[in-house]
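In: based on what follows, work out the 3D shape:
(3 chains)
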Amino acid sequence: MKKIYKYVLLDIIQNKIVLIYTFLLLVISFSVFTLESNSAKGLLSLLNIILIIVPLICIIFSTIYIYNSSEFIELLVGQPVKRKSIWLSLFGGLASSLSLAFFVGVGIPILLYHADSTGIMMIAMGLFLTVIFVSIAMFAAGIIRDKAKGIGLSILLWLYFSLIFDAMVLFLLFQFQDYPLERVMVFFSFLNPIDLGRIQILLQMDISALMGYTGAIFREFFGNSLGIMISFAGLFVWVLFPLLLSLKKFKKKDL
Amino acid sequence: MKKVLYTLVMVCLVALCAKGKTIRVGKLKPFKSIQAAIDFSVNGDTILVDPGLYKEKNIIIQKSVTLKGIGFPVLDGDKKYAIISVKAKNVLIEGFKLQRTGRSEIRDLGAIMIYDSYKVSAINNILDDTNFGIYVQNSKKCTIKDNSITAYGKNELQSGNGIHCWRSDSLIIIGNKIKGHRDGLYFEFVKNSLIWRNVSTKNVRYGIHFMFSNRNTYIGNIFESNEAGVAVMYSKNIHMYNNHFLNNWGDAAYGILLKDITDSEISGNYFTKNTVGLHMEGCSRINLYKNTFNNNGWAVKIQASCDGNDFTGSNFVGNTFDIGTNGSLVLNTFTGNYWDKYEGYDLGRDGIGDVPYHPVSMYSMIIDSNPAALMLFRSLIVSLLDKTEKILPGVTPESLRDDKPVMKRIPL
Amino acid sequence: MIVAKNITKSFSRLKALDEMSVTFSKGECIALLGPNGCGKTTLIKTILGMVVPDSGTIEFDHEPIAGQWLYRNRIGYMPQIGRYPENMTIANVFEMMKDIRKGSCKQLDEDLMESFELKALMHKKMHTLSGGTRQKVSACLSFLFNPDVLILDEPTAGLDPVSSEKLKEKIIMQKEKGKLILITSHVLSELDDLVTEVFYMQDGKRVFSKKILELKEETGEERLSKAVAKMMVLSNEQKHDKSYTF
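Out: Numbering: from 1, shown residues only, chains lettered A, B, ... in the order given. Okay, here's the model as predicted:
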C-alpha cells in the first residue's frame, strides 16, 4: 500500500498541471490580498475560488488522471497487490497532492494575511472540498469505462453540486414558501458538501447577516461546537461515501 | 445716578439673601437625617450631606433647595421605596449615590422622581440597581447631567427605564451613562429637548425609545449592544447628529428603527455592525446625509410605506446588503453616496460613476420574503441571479438607484 | 496447480467463457489456441484475477483465488500489449516492480535483460519505446522474479526473429526447470519445440485438449500447425457424424 502510494504521489507531484494549479492559486491569493483594500473583501473573493474553482479543478484533474493511469492500474492488478491498495493509493496520492497544492496556493497566503478563525475555517473547508471532489472523481471514473463519458459525468457532477442542487433548493423554497423551511434547509445543506462548507465559512465571516434575522436556526445549529462537529462528520461522510462506492466497483472491475 | 446705584445695591442684597443659608447633614452634624434638614430649610437653602449610609424611605423635596452630597453619601431605597421625589421648582440634586430602589407593579418607583416641576437639576449622581433611574413627569427645563445609571435588568417586564421622561418640555440630558435598564432613555410626549453625549448600552430592550416627542435634538450619543437596538416612533422634527449605533445583533434588533418619523434630519451618524443598521417604515421627508454604514447585515431597510426621504453623501462599506425593501414602489431618492459594491466606471474623471448603482440585490428581496433562502447565501446560483438581475431588472425596483454614485469613500 | 471449474464470463452479450473447466499442472507447457475472440486472453486474465468471472471458481494450489492477491507472487505475466505508465523510464518500471514484489523471490533472474541488451535503454521513457522494446520489457518483467507459473500472452508478437529466438530458449529453459507455462500464440510453428500440450478453445468453450505426442500420433502429422488443422477437421466431422446418425 505504502509503496504504491509513494509511486502515485511521485508521479502526480511531477505532473505539470498540479504545479500550474498551485502556482495559479498562489498568484490569485496574493493578488487578492494585495489588491483589495481590506482583507475581508479579499477573503470574499477567495471564498468563490474555494467553493467553485477548487472543486472543479480537483474533480476534472482527478478523473483524467485516473483514466490516464489505466496502464499503471493494469500493470499492478496482475501483480501480487491488493486491488484495494491500488485504488486507495490512487485516491491518497491525488488527495494529498491536491491538498498540498491547495495549502501552498491558498492556505499559506491566508495564514500570512488573515490568520484568524475565518481564515482557518476557509483552509479547513478548502481541504475538505479538495478531498471530497477527488473522491467524487474516483466515483465517476470508477463507474464509467469510457474516458470521454467519465469526464463528462464528472463535469456534470461538479455542475450539480455547485449550481443545479442550489437551483433546485431555491425552486423548492418558492414552491413551499408558506411552510417553515429553516430546519429542512439545515438538512438540505448536508446533501451538498459545497453548501455545507460555505455555511461553515460564512458563519465565521458574514456574521452580520447570519447572526440575527433569518439566520437564527442556522446559527443555533451550525454555530456551536456540536454543530461544527456534526458538519465535519457530514463532510467526512462525503469523503468516504463516493470513495467506498467506487472501491466496491473497482474490486469487481475487469481490466 | 443715585437712584441707579441704590437699585444696584438692593439687587445685590436680594441676591445674597436668596442664596440662603447652608444646612449640614451627617452623623456629627446638627441634622442626622436629610428629610429633617429639608423640613427645616426654606427656599434657597443649601443642604450639604456628609458621607454615610442613609435609609430614609422616600425623601420628598417641596422647597427650592440645593441638595449636595460630599464624597457620594449613599441613599438606600431598601428595595422598597423611591429614593428622592421632587415636587418643587429650582431644585438641584448633586453628588449622591442612590441605590436599591423598590419595584412596584402599580407605581413607577425610581431613584430620582421629578413631578410637575420647573428647572430641576440632577447632576453627577451615581445610580445603582435602580428600577427607574431618573423619572421626569410633567416638568420643564430640567437638566439631567453626568449621571451614571446602572441596573441589572433581566427581562422587559421587571425592569424600568434609565431616564424616563413623560409629558415634559425643554429638557437637557447630557453626558449620562446608562446601562442594564429596560430602555436606556425613554421619552413620551417630550418636546424641544436636547439629548447630548449620553452613552446607553446593554439595555434589556432599547438604547433609546421615544414616541410622540417632537422637535428634539440628539447629538453625539452612543447606543451600543442593546437587545433590540433603538426604536423611535410617531414623532416630527427630529434632529439626530453624530450619534453611534453599534453592535445590535438579533432577529429583531436594529441600529435604529424609525416608525412614522417625519420632517427630520439624520446626519453624521455611524451605523456599525448591526443586523439592520437603519430600518424605516412609514417615514416621510427625512434628510439623511453624511451618515456612515459599516459592516451591517442590511445597511438600510426601507419599507415601501416611506416617501420623500433623501439619502445623500453617505458611505456604505462592508455591509452584506446595502438596501433592502419590500415593494417595487420607490418614493425615496439616493444620490451621491459611496457604495463599496459599486462596479461602475468614471470616464469623466469627476469622481462620480457614469452608470447608476442599484443598491437592492435580488437575493435580499428573496430573503425578505423567504428567510430560509439564507442557506444559499453567497452561492453560485445567487450570484448568477444577482448578476442577471443587475442587467435585466425584473424583481428589484428599477427606480431605486443612485444615479451619481461617488467613486471614492467620502471623508466624514 | 491451477484448477478452473465452470467459469462463465460474459461481456454484455458476448460470452467470452462458457462453463469452462480446466486443469493445468506443474511441469506442463500448454499452448492455448483458438481463433480470435475465442476467450484465450479472458481465461488468462481470470486466472490472474484481472477479470472477475460471473460464476465458477478458480483454485491455485487448492486455494480459491477470489479476493486473494498473494498467489500472484508466484506468477509471471507477459501481457499481449504491455501498457506502462507513460512518463516512467524503463529503470523506474523495473525498480517499482522490484519494490512491489520485494520478498517474493530471493534470486532475481536478469538473464533476459542482458540478452535483450535492455540495460542500454534503461533511461528511456516508456512512451518513447517501440512496440517491440515494450514487449522485451514485458518479457523481462515476467521472468524477473523466477515465478513458478509463467503466463505468456502472444509472447513473440512484435519481436524481431533474433529476440524471438532468445525468448524461446528462455522458455525452454524454464520448462526444463519444471515450471508451469501457459502460452497463447497465433504462430503455431513457433510453438513446435516448446509445448507439451495443446488446449484448443472456441466461443468460450474447450474444443479439445491433448498431449502433443498423442495429437501427433492421432493425426499422423509431425508439425503442430498441420496436426491442429487436421484435428479440427476431425472434430468437425465427428460433429457432423453425430448429426447424421440421428
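In: restricting to C-alpha, output stretch B:358-372 in CSV.
Out: Taking C-alpha atoms only, stretch B:358-372 is exported to CSV below (Å, rounded to 0.1, in the frame of the first residue of the first chain):
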residue,chain,number,x,y,z
HIS,B,358,-28.7,49.6,-7.8
PRO,B,359,-28.3,49.0,-4.1
VAL,B,360,-31.0,46.4,-3.8
SER,B,361,-29.9,42.9,-4.7
MET,B,362,-32.4,40.4,-5.9
TYR,B,363,-31.2,38.0,-3.2
SER,B,364,-32.0,40.5,-0.5
MET,B,365,-35.6,40.6,-1.8
ILE,B,366,-35.7,36.8,-1.9
ILE,B,367,-34.6,36.6,1.7
ASP,B,368,-37.1,39.2,2.7
SER,B,369,-39.9,37.1,1.5
ASN,B,370,-38.3,33.7,2.1
PRO,B,371,-36.0,33.7,5.1
ALA,B,372,-34.9,30.0,4.6
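In: what does it contact?
Out: Applying CB atoms under 8 Å, 6 or more residues apart in numbering or on different chains, the contact partners of stretch B:358-372 are A:170, A:173-174, A:177, A:180-182, A:184-185, A:213-214, B:298, B:316, B:321-326, B:334, B:339, B:341, B:373-374, B:376-377, B:382, B:385-386, B:389-390, B:393, B:395-398, B:400-402. C-beta here means a position set from N, CA and C on the backbone, and glycine is covered the same way.
In: report the contact partners of whichever residue of chain B sits closest to chain C.
Out: Relative to chain C, the nearest point of chain B is B:Leu380 (35.4 Å; CB to the nearest CB). For B:Leu380, the contact set (CB under 8 Å, 6+ apart) comprises A:48, A:51-52, A:162-163, A:166.
In: which residue ranges of chain C form strands?
Out: For chain C, the strands defined by DSSP state E cover C:2-11, C:14-24, C:29-33, C:55-60, C:63-64, C:75-78, C:149-153, C:180-184, C:197-202, C:205-211.
In: which of the ones you listed sits closest to A:Ile4?
Out: A:Ile4 lies closest to strand C:75-78 among the strands of chain C, at 17.5 Å (CB to CB).
In: list of residues touching the closest one?
Out: Contacts of strand C:75-78 (CB under 8 Å, 6+ apart): A:78, C:44, C:47-48, C:135, C:138-139, C:141-145, C:147-153, C:155.
In: how near is the residue nearest to B:Asn274 when sequence neighbours are not counted to B:Gly220?
Out: Nearest residue to B:Asn274, sequence neighbours excluded (CB to CB, 6 or more residues apart in numbering or on different chains): B:Gly255, at 3.7 Å. B:Gly255 is 16 Å from B:Gly220, where distance means CB to CB, to the nearest Å.
In: which one's more surrounded, these two?
Out: B:Gly255 (31 against 17; other CB atoms under 10 Å in any protein chain shown).
In: I'd guess the more buried one is in a strand, am I close?
Out: Yes - according to DSSP: H, G, I helix; E, B strand; the rest coil, B:Gly255 belongs to a strand.
In: right, and B:Ser117 touches B:Cys142 too?
Out: Yes - taking contacts as CB atoms under 8 Å, B:Ser117 lies within contact range of B:Cys142: 6.9 Å.
In: residue ranges with poor pLDDT in the chain?
Out: Using chain A here. Regions of chain A meeting the criterion pLDDT under 70 cover residues A:37, A:206-217.
In: chain C is the one I meant
Out: Low-confidence segments of chain C (pLDDT under 70): C:104-105, C:238-246.
In: chain B too?
Out: Scanning chain B for pLDDT under 70 picks out the ranges B:1-19.
In: in it, which residue is most central in space?
Out: B:Ile208 (3.9 Å; CA atoms, centre = their mean).
In: quick one: contacts for it?
Out: By CB under 8 Å, 6+ apart, the neighbours of B:Ile208 are B:183-187, B:195, B:200, B:218, B:221, B:223, B:230, B:232.
In: for A:Asn68, which non-adjacent residue is closest in space?
Out: C:Glu86 (7.8 Å).
In: using the three-state scheme, assign B:Thr262.
Out: Per three-state DSSP, B:Thr262 ends up strand.
In: I'd guessed it sits against B:Met280; true?
Out: No - the criterion here is CB under 8 Å, and B:Thr262 misses it with B:Met280 at 11.1 Å.
In: burial count for B:Leu28?
Out: 7.
In: that one belongs to a helix?
Out: No - using three-state DSSP, the assignment for B:Leu28 is coil, not a helix.
In: now do the contacts for the closest residue to it other than its chain neighbours.
Out: Distances taken as CB to CB, 6+ apart place B:Asp50 nearest to B:Leu28, at 7.7 Å, with adjacent residues excluded. Applying CB under 8 Å, 6+ apart, we find B:Asp50 in contact with B:24-29, B:70-71, B:73.
In: chain B versus A:Pro193, what's the distance?
Out: Computed as CB to the nearest CB, to the nearest Å, the A:Pro193 to chain B distance reads 13 Å.
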